[in-house]
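Novice: Output the structure for:
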Amino acid sequence: MYELTALLAAFSVLATTSHAGKLAASKEDGSVRVTVDGNVFTAYHYNAADRPFFYPLIAPTGDNITRHWPMKDINKDEERDHKHHRSLWYTHGDVNGHDFWTEGRGPKIVQTALAVESRTDKVVIACENEWHAKNGTIVCTDSRTHTITTDADSRIIDFEITIKASHGKVVLGDTKEGSMAFRVAPTLRTKGKVAKGNMLNSEGVSGKAAWGKKAKWCDYYGPLNGKTVGIAIMDHKANPRHPTTWHARDYGLCCANPFGLSYFEKKPRGTGNMEIKAGESVTFKYRVLVHEGTAEEADVEQQYERYVGVGADEALTPLFNGEDFTGWKVPADNIWWKVEQGEIRCKSGPKKKGSTLWSEKQYKNFIVEFDFRMGDGVVDSGIFLRTSKQQVQIGNSGSKKRDMTGSVYVPGNGYPLEAEGVKDLLKLKDWNTMKVKVVGKVYTITLNGTQVLVYDDQTGKAVEAGTIGFQLHPARNMAIDFRNIEIGEL
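Specialist: Below is the predicted model:
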């Protein structure tokens, strides 16, 4: 329960969406019921099926936007197929070969701890779960936090799910059956006898064509009892393999699924596998937005930018496509850099020779944001800003003999100014997010959401424009991984 208490404390200090209506939560038998002004919005069910789910999901109009069946058999227009499509849920169809997607095959997600915070402006439901194989062995564990907020025209559930390789290595397998999912009411479908809905993703692809495509969000909308409503899943930019691919069907199913690449992109089977090493974890964040009107009328794109914290002057685009080194200058005789599972992986060679992976394009003023994970050995790495004479350190400094992550290193001048508070922010052997804003010779460095340094270079070694590079320091035996590398020019 300590971890849950810590999670609740962390989410309590997050800024909340402006709201209309008072939220409240109450524990009931096997569920947590959430209301807005005394009227049911949703309930989190953790003991009614093989894995947890939310049902109902009441739109601001007062109507349930997801399919009732199999929880209730009250709508003659609903298809009685895919019993495991329970309203709104998260799971996966291949975890070390075990199917947690389809019900009745034996594997189950079993809750081991629950904590609920009920406030008038938001509700937080935090829980811990074990993923049990058919024979009862524990495949992995997870911790989940669901933060529920509301405003006049929408309802929001923010999911943060950390899957932990607590009982040995975990492979999230290459299958289309997963993962963050909902099934809509029949009139919102794009195919069927009463279907009058539409499906639209962030790239402007609509309808059946959205299946398997990459996008930041996907929205289903249409008429429900005379009013237009919609529901979207948003893929957070910090997620592995963002933007995700989508298992989005015309019969009302919509799933954010970054794993099924052999299905979506016709790549060799297993290409989409994601391995979590024993003792490590991976975190996914999604926002589910229930709104009035069409996707355009609800301005889902702006809602997405609000979710990920992108201002109009900070819109970022991928600098790394997650598949190959397009846009990068790969060093000659490369033995250090490779792309695997949507990540750039860097490792020292047998002769411990250094290497730098430079971008092809030059930049002047910009924001660059990326995730990094320090691996084996004593990591001494960093990112070069327009020149090899201006570097933000990642890991240990050879001269300082200690970690200097977030500090700027200038050859010949050392570290003119040290980053603050890094010790409490840096996650060793896990993913961290660094954002560097470069305007002229002023650098603002943020680590895991906290600003740690503002540096105004006075050495005269900053340049007006140049390329960006990730460094593997020579004379080291080390490994480091990078992913979700994005950039925005200012």
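
Novice: wait, what's in contact with residue 474?
Specialist: Residues near residue 474 by CB atoms under 8 Å, 6 or more residues apart in numbering: 352, 353, 354. Heads up, the C-betas are built off the backbone N, CA and C, glycines and all.

Novice: I should have written residue 148 there, sorry.
Specialist: With contact taken as CB under 8 Å, 6+ apart, residue 148 is in contact with 23, 25, 34, 41-42, 122-125, 155-158.

Novice: Show me just the buried residues among the contacts of residue 474.
Specialist: Neighbour counting over the contacts of residue 474 (16 or more other CB atoms under 10 Å) leaves no buried ones.

Novice: wait, which of those residues is closest to residue 73?
Specialist: Ranked by distance to residue 73 (CB to CB), the contacts of residue 474 are led by residue 354 at 65.6 Å.

Novice: Find the residue closest to that closest one in space, skipping its chain neighbours.
Specialist: Closest residue to residue 354 in three dimensions, ignoring its sequence neighbours and counting by CB to CB, 6 or more residues apart in numbering: residue 474, at 3.0 Å.

Novice: Now do the phi/psi pair for the one you found.
Specialist: phi -70, psi 170 (degrees, to the nearest 10).

Novice: Local confidence estimate at it?
Specialist: pLDDT recorded at residue 474 is 91.

Novice: swap in residue 316?
Specialist: So residue 316 comes in at 84 (pLDDT).

Novice: So it is in contact with residue 489, correct?
Specialist: No. Using CB atoms under 8 Å, residue 316 is not in contact with residue 489, being 9.7 Å away.

Novice: pLDDT weak spots in the stretch 51-200 of the chain?
Specialist: In the predicted model, the stretch 51-200 of the chain carries no residue with pLDDT under 70.

Novice: All the strands of it, in order from the start?
Specialist: 53-57, 88-92, 108-118, 123-132, 138-151, 154-164, 170-172, 178-183, 198-201 (DSSP state E, counting those that start in this stretch).

Novice: Give me the below-cutoff pLDDT ranges for the stretch 251-400 of the chain.
Specialist: Along the stretch 251-400 of the chain, segments meeting pLDDT under 70 span 310-314.

Novice: just checking, residue 323 touches residue 341?
Specialist: No. Using CB under 8 Å as the test, residue 323 is too far from residue 341 to be in contact (10.5 Å).

Novice: which one of these two has more residues nearby?
Specialist: For residue 323 versus residue 341, neighbours defined as other CB atoms under 10 Å are more numerous around residue 341 (19 against 13).

Novice: how far away is that one from residue 175?
Specialist: Separation of residue 341 from residue 175 (CB to CB, to the nearest Å): 15 Å.

Novice: same thing with residue 150?
Specialist: Counting by CB to CB, the gap from residue 150 to residue 175 is 34 Å.

Novice: okay, the two: which has more neighbours?
Specialist: For residue 150 and residue 175, the more surrounded residue by other CB under 10 Å is residue 150, and the numbers stand at 25 against 22.

Novice: Does that one touch residue 22 like I think?
Specialist: No. Taking contacts as CB under 8 Å, residue 150 lies outside contact range of residue 22: 9.0 Å.

Novice: So for these two, which residues contact both of them?
Specialist: When contacts are counted by CB under 8 Å, 6+ apart, residue 150 and residue 22 have residue 36 as shared neighbours.

Novice: how about the helices in the stretch 251-400 of the chain?
Specialist: Along the stretch 251-400 of the chain, counting by DSSP state H, counting those that start in this stretch, helices occupy 261-264, 300-308.

Novice: sorry, back to before: with neighbour numbers in mind, choose between residue 316 and residue 489.
Specialist: Counted by other CB under 10 Å, residue 316 and residue 489 do not tie: residue 316 has more neighbours, with 19 against 12.

Novice: what separates the more buried one from residue 243, distance-wise?
Specialist: For residue 316, the distance to residue 243 - CB to CB - is 12 Å.

Novice: same check, this time on residue 317
Specialist: With CB to CB as the criterion, residue 317 and residue 243 are 11 Å apart.

Novice: now swap in residue 315 and tell me
Specialist: 14 Å.

Novice: and if you look at residue 486?
Specialist: 11 Å.

Novice: before we move on, what about residue 365?
Specialist: 25 Å.

Novice: Which one's more surrounded, these two?
Specialist: Taking other CB under 10 Å, residue 365 and residue 243 do not tie; residue 243 has more neighbours (20 against 15).

Novice: my read: that one touches residue 213, true?
Specialist: No. Residue 243 is not in contact with residue 213 according to CB under 8 Å; the separation is 9.2 Å.

Novice: Residue ranges of each domain in the chain, please.
Specialist: 2-308, 317-489 (automatic domain parsing).

Novice: which one of those has the most crowded surroundings?
Specialist: Per-stretch averages of neighbours, counted by mean count of other CB atoms under 10 Å, single out domain 2-308 among those, with a mean of 19.

Novice: quick one: that domain to chain centroid distance?
Specialist: Mean-position distance between domain 2-308 and its chain equals 12 Å (CA atoms, centre = their mean, to the nearest Å).

Novice: Just want the phi and psi numbers for residue 425.
Specialist: Torsion angles, degrees, to the nearest 10, at residue 425: phi -100, psi -30.

Novice: That one: what's it in contact with?
Specialist: Residue 425 makes contacts with 432, 447, 448, 450, 452, as judged by CB under 8 Å, 6+ apart.

Novice: Out of these, list just those in strands.
Specialist: The strands, defined by DSSP state E, take in 432, 447, 450, 452 from the contacts of residue 425.

Novice: which residues does the second one bridge with?
Specialist: When you say that, I think you mean residue 447. The partner list for residue 447 in beta bridges (DSSP bridges) reads residue 434, residue 450.

Novice: correct me, but it touches residue 434?
Specialist: Yes. Between residue 447 and residue 434 a contact is recorded at 5.6 Å, counting by CB under 8 Å.

Novice: shared neighbours of the two, which are they?
Specialist: What both residue 447 and residue 434 touch, as defined by CB under 8 Å, 6+ apart, is the set residue 406.

Novice: Please state the offset of stretch 482-490 from the chain centre?
Specialist: Its chain's average C-alpha position is 15 Å from that of stretch 482-490, according to CA atoms, centre = their mean.

Novice: Now do that stretch, average pLDDT.
Specialist: Rounded mean pLDDT across stretch 482-490 is 92.

Novice: Identify the residues contacting it?
Specialist: Contacts to stretch 482-490, defined as CB under 8 Å, 6+ apart, come from residues 237-240, 242, 313-320, 322, 342-344, 346, 363-372, 431, 433, 437, 439, 468, 470.

Novice: give me that answer again for 7 Å
Specialist: Applying CB atoms under 7 Å, 6 or more residues apart in numbering, the external contacts of stretch 482-490 come out as 237-238, 240, 242, 313-320, 342-344, 363, 365-372, 439, 470.

Novice: centroid residue for the chain?
Specialist: In the chain, the centroid-proximal residue (CA atoms, centre = their mean) is residue 239; its distance is 2.7 Å.

Novice: Isn't that residue up against residue 287?
Specialist: No. Residue 239 is not in contact with residue 287 according to CB atoms under 7 Å; the separation is 11.2 Å.
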